[in-house]
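Asker: Build the 3D model from these lines:
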Amino acid sequence: ALKIDLNAGHVTYQEFLIFLKGGASLDLNSVKPKPFRWMLDVIWLNLVELSKLELFSSLLDKVVATEKEWKYWCDTESPEEEDIPCGYQNGLDVFRKLLLIRSWCPDRTLSQARKYIFDSLGADFLENTVLDLEAMLEEADNKVPLICLLSTGSDPSSQIETMARLRCQEYRQLAMGQGQEDSARKMITEAILNGHWLMLQNCHLCLEFCDEIMQTLIDTEDIHPLFRLWVTTEVHQSFPIGLLQMALKYTNEPPQGIRASLKRSYADITQDTLDYSNHASWPTLLYAVAFLHTVVQERRKFGPLGWNIPYEFNRADFTASTQFIMNHLDDLDPKRGISWQTVCFMLGEVQYGGRVTDDFDKRLLNTFTNVWFSENLTNPGFKFYEGYPLPECKTIEEYNDFITNMPLQDIPEVFGLHSNADISYQINTAKGILDQILNVQPKESTGGKQGDTREAVVGRIAEDMLRKLPRDYVPHEVKEALVRLGGMLPMNIFLRQEIDRMQKILTLVRRTLTDLKMALEGTIVMSDDLKQTLDNMFDARVPENWKKISWRSTTLGFWYTELLERDGQFKRWCFHGRPKVFWITGFFNPQGFLTAMRQEVTRAHKGWALDSVICQNLVTRFSKEDIHDSPPEGVYVHGLFLEGASLDRKTGKLVESRPKVLYEQMPVIYIYAINTTAGKDSKLYECPIYRKPARTELNYIGSIDFESDIGPRHWVMRGVALLCDIK
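Answerer: Numbers count the residues shown, from 1 in each chain. Just a heads-up that it's a prediction; the model follows:
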């Protein structure tokens, strides 16, 4: 829709870029400060960028003048359905409203985009199309292969095999992989001669052979009219483009939601399976395993809130789990009843848990099994969540009817999450689509009527960055400053290591920007690395070689702001004395910082051994401005954000998130060390801390304990974590 409107002149190139990138290339320090604390940085940068368009030139002033109206509009359930403040409702067409909503409410972008597509292309393009293999087959012929781009849980092989059987068509299939080329050649030759259908699965595992397939189809003149070649492959950068161009391409996205997933699970369950055991709990346990299977799969769409690592749970896990339940009921001692402990262990640690590699994901999975698989499951009136009871059915038809009557849309609470999780999901989906559109944009220079060339735009950004880049650290000055701070103490050694890493980044950024400017002027040759840097900077992304030695960030603007802020903290600490409160986000190695603190405390207490000294924490009520003195021992840290829950400032306890507030800024936290070998209190929620929103092992720093009036299991299912950085 965007391309059609661009060519027709309904959308300008500048509007197109602002829609895709927002304020991604802006640096927070180079624009006027945001007027309200409740507004996120990323939204303010989007609005600043949007105000560069003539139509929105007075937007910033209007926002400042009518704060209440804009806040009320933003906080509504569906802002795209409400009247936009300041007269913009009647003054903007559908696309310009889309620009405004993308800037203000990223989670509503797709909802407004649907209106734009309807307005631009018509209702037909909004309908989800169900894959019709029959219709596709009519379109293909013996020289046109049919390529399926695989996505999770969507292999069409069984459907194609069934279709071949119904047509009494000879059908062969081969799973590709190392050393399978000879078998594939034979089968292709045979199928071409005799008119078979041939399915080659997982062709991304032997890409060189794909070129051969293409040549065979082009060079062979006499191909049997009934011959069809079916190919399945995962998306791969190096897949031969010629084969893609000559083929029909399709994908078979699995339907989403609990209802669709349960239908899929029960489609393969027969009445015989249902009647397998005389034990009264068998149908209930079967349904509970199917429900667990659905929930662990569906939580994936919520990103790190759902699972730290998106595991590929599949049909085999469900089959193995039901088989285990069957065996367990067969071997059951009637006097002792079901061993729920065994069931929980097998599901949470073996069948599904065998795939899980992250400790906090394992904790989540075990929480699900312990909450659902207990004596309560067999009690009348048990519900997984309000509106999701256990069915009381006898036949497979009754189960299918029960599943058909389930809600079409699932609320995040069913998966144990807060309703805000849906906003995160919408934002991530919209960002993924816009990034994808940006990725496929041509990289050549665009000038003329569409405004400045790429080179001019990047030249200006490079000039601006070079001007603001902090000065280098002088080794002898740093050495003298560290001596003044007390010499080789644990904290000073840590600071020295951080400064060394910072200096490497400053050197690289300065060299890259200087070379890029010279290349743009034509003084030196534009190398591949510089060309890549130019493309990244134009797309407002962090160049790959910078990212390698620094930190991840969603946009170039945020990355550069962080560079300046990190450098500021190191220079103040090194040359003006140890900070009273540390900004923990600004460290390359926060674990090293906490270890240095433990070493410092251990040395201060005679007879303490580092091995038995552990970190403890206290959530204070102060913001960083309220702290005027360092603690007697340990450290004050700030800059953490709470995701998945909110904090009661008076009691320091976890409470439910406020509606539409995804991240809660934490007050200052006092972290200290104690000498103990005792375990943790089981009533406390052990909350992991991560550097970035991607909750991987690499980003894990440590844990903090929170008190709460609700048990820790609730917060485990909510996916509560602390993040150093939410950008």
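
Asker: would you list every one of the helices in the stretch 201-350 of the chain?
Answerer: With DSSP state H, counting those that start in this stretch, the ranges of helices along the stretch 201-350 of the chain come out as 207-219, 241-246, 258-267, 271-274, 282-298, 315-330, 340-345.

Asker: So which bits of the first one are buried?
Answerer: By neighbour count on 16 or more other Cβ atoms under 10 Å, the buried set for helix 207-219 is 207, 209-210, 212-214, 217. The C-beta positions use only the backbone N, C-alpha and C, and glycine is treated the same way.

Asker: repeat for the fourth one
Answerer: Within helix 271-274, the residues that qualify as buried are 273-274, counting by 16+ other Cβ under 10 Å.

Asker: hey, C-alpha coordinates of it in PDB?
Answerer: What follows is helix 271-274, C-alpha atoms only, in PDB (Å, rounded to 0.1, in the frame of the first residue of the first chain):
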ATOM      1  CA  GLN A 271     -12.200 -42.200  20.600                       C
ATOM      2  CA  ASP A 272     -10.000 -45.200  21.300                       C
ATOM      3  CA  THR A 273      -7.400 -43.000  22.900                       C
ATOM      4  CA  LEU A 274     -10.100 -41.300  25.000                       C
END
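
Asker: Could you tell me the average pLDDT over it, please?
Answerer: Looking at helix 271-274 alone, the average pLDDT works out to 89.

Asker: ok, now the third one?
Answerer: Predicted confidence along helix 258-267 averages 87 (mean pLDDT).

Asker: Which secondary structure elements does it sit against?
Answerer: Judged by 3 or more Cβ pairs under 8 Å, 6 or more residues apart in numbering; DSSP states H and E, helix 258-267 is in contact with helix 282-298, helix 396-404.

Asker: helix or strand right after the shortest one?
Answerer: Note on helix 396-404: by DSSP states H and E, the next helix or strand toward the C-terminus is helix 421-439.

Asker: what does the helix or strand just after that next one rub up against?
Answerer: Sequence order places helix 454-468 as the next helix or strand after helix 421-439, per DSSP H and E. With contacts defined as Cβ atoms under 8 Å, 6 or more residues apart in numbering, helix 454-468 is touched by 25, 27, 29-30, 443, 445-446, 509-510, 513-514, 516-517, 520, 534, 537-538, 556, 560, 564.

Asker: Please flag which of these sit within helices.
Answerer: In helices, defined here by DSSP state H, the members of those are 509-510, 513-514, 516-517, 520, 534, 537-538, 556, 560, 564.

Asker: who wins for most neighbours among those residues?
Answerer: Neighbour counts for the ones in helices among the contacts of helix 454-468 (other Cβ atoms under 10 Å) peak at Leu516, which has 27 neighbours.

Asker: From Asp567, how far off is that one?
Answerer: 21 Å (Cβ to Cβ, to the nearest Å).

Asker: for Phe239, same thing?
Answerer: 43 Å.

Asker: When those two are compared, which one has more neighbours?
Answerer: Set Phe239 next to Asp567 and count neighbours by other Cβ under 10 Å: Asp567 wins out with 20 against 17.

Asker: ok, the more buried one touching Met502?
Answerer: Yes - in this structure, Asp567 is within contact of Met502 by Cβ atoms under 8 Å, at 6.1 Å.

Asker: doesn't Thr507 make contact with Asp472?
Answerer: Yes - under the criterion of Cβ under 8 Å, Asp472 makes contact with Thr507 at 7.2 Å.

Asker: what's the helix or strand for the residue nearest to Trp230 when sequence neighbours are not counted?
Answerer: Once flanking residues are discounted, Trp230 sits nearest to Met199: 4.3 Å by Cβ to Cβ, 6 or more residues apart in numbering. Assigned by DSSP H and E, Met199 falls within strand 197-201.

Asker: what angle do that strand and helix 207-219 make?
Answerer: 160 degrees (axes from the mean of the first three to the mean of the last three Cα atoms, to 10 degrees).

Asker: What are the contacting residues of strand 197-201?
Answerer: With Cβ under 8 Å, 6+ apart as the criterion, strand 197-201 contacts 155, 157, 160-161, 164, 169-176, 184, 187-188, 191, 213, 226-232.

Asker: again, but for stretch 104-119
Answerer: Outside stretch 104-119, the residues touching it (Cβ under 8 Å, 6+ apart) are 1, 42-43, 46-47, 70, 73-74, 78-80, 94-95, 97-98, 101-102, 125-126, 423-424, 426-427, 429-431, 433-434.

Asker: Please pick the buried ones from these.
Answerer: Using 16+ other Cβ under 10 Å, the buried ones in the contacts of stretch 104-119 are 1, 42-43, 46-47, 70, 73-74, 79-80, 95, 97-98, 101-102, 423-424, 426-427, 430, 434.

Asker: hang on, the earlier thing: put together a markdown table for the helices of the stretch 201-350 of the chain, with distance to Pro490 on each row.
Answerer: What follows is the helices of the stretch 201-350 of the chain, written out as a markdown table (distance: least, Cβ to Cβ, whole Å):
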| stretch | distance to Pro490 |
| --- | --- |
| helix 207-219 | 51 |
| helix 241-246 | 56 |
| helix 258-267 | 52 |
| helix 271-274 | 62 |
| helix 282-298 | 43 |
| helix 315-330 | 46 |
| helix 340-345 | 42 |
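
Asker: Spatially, what comes nearest to Asn428 if we skip its sequence neighbours?
Answerer: Gly303 (5.4 Å).

Asker: my bad, should have said His605
Answerer: In space, His605 is closest to Asn675, 6.9 Å off (Cβ to Cβ, 6+ apart).

Asker: In contact with the one you found, which residues?
Answerer: 602, 605, 608-609, 612-613.

Asker: so which two of the residues you listed are the farthest from each other?
Answerer: His605 and Ser612 (11.3 Å; Cβ to Cβ).

Asker: Could I get the contacting residues of the spatially closest residue to Thr696 that is not a sequence neighbour?
Answerer: If the residues on either side of it in the chain are set aside, Thr696 comes closest to Asn308, at 6.6 Å by Cβ to Cβ, 6+ apart. Contact analysis of Asn308 by Cβ under 8 Å, 6+ apart lists 358, 360-361, 695-696.

Asker: In the stretch 551-700 of the chain, what residue spans correspond to strands?
Answerer: 581-583, 613-619, 635-638, 641-643, 646-648, 653-655, 663-665, 669-675, 685-690, 700-708 (DSSP state E, counting those that start in this stretch).

Asker: Neighbouring strands of the first one in the sheet, and parallel or not?
Answerer: Pointing back at strand 581-583 there. If you go by DSSP bridges, strand 581-583 pairs up with strand 635-638 (parallel).

Asker: Next: the fifth one.
Answerer: Strands that pair with strand 646-648, judged by DSSP bridges, come out as strand 653-655 (antiparallel).
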